[in-house]
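Colleague: no letters, just coordinates:
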């Protein structure tokens, strides 16, 4: 059993920054692909960023240059650094982790609200 625990969400003013983290606990072999998705009220969950095991990172166009995804393979933790936040970034953010063994896991979600 693998569980992902997220932290770091909150309320921030437009233009501000937030850092999210997602730590995996349980029967973990090795992280393969990790990343973040988000779901705004009334909208479907959408992909935000991905970090592959080779170190490549990919971002949804609206967050390029503002968000940075990173990973600590020893701590089984994935991070999302967000800057220059906009009201349209308001959403529940979910981490997603695919293990080398093939299992796919989601975090419980953390609320990010960008508002003045």
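Modeller: Done, it's in. What you see is a predicted model; the values in this text were computed from it and never measured. Numbering: from 1, shown residues only.
Colleague: what comes into contact with stretch 4-22?
Modeller: 23-25, 34, 36, 77-87, 93-95, 97, 105-116 (Cβ atoms under 8 Å, 6 or more residues apart in numbering). All C-beta atoms are positioned from the backbone trio N, CA, C, and that covers glycine.
Colleague: buried subset of those, written for ChimeraX?
Modeller: Buried subset of these, written as a ChimeraX selection, criterion 16 or more other Cβ atoms under 10 Å:
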select :23,24,34,36,77,78,79,80,82,85,93,94,95,97,105,107,109,110,112,114
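Colleague: tell me which of the contacts of stretch 4-22 fall in strands.
Modeller: 23-25, 34, 36, 77-82, 93-95, 97, 105-106, 110-114 (DSSP state E).
Colleague: residue 29 reaches residue 102, doesn't it?
Modeller: No - between residue 29 and residue 102 there is no contact under Cβ atoms under 8 Å: 9.5 Å.
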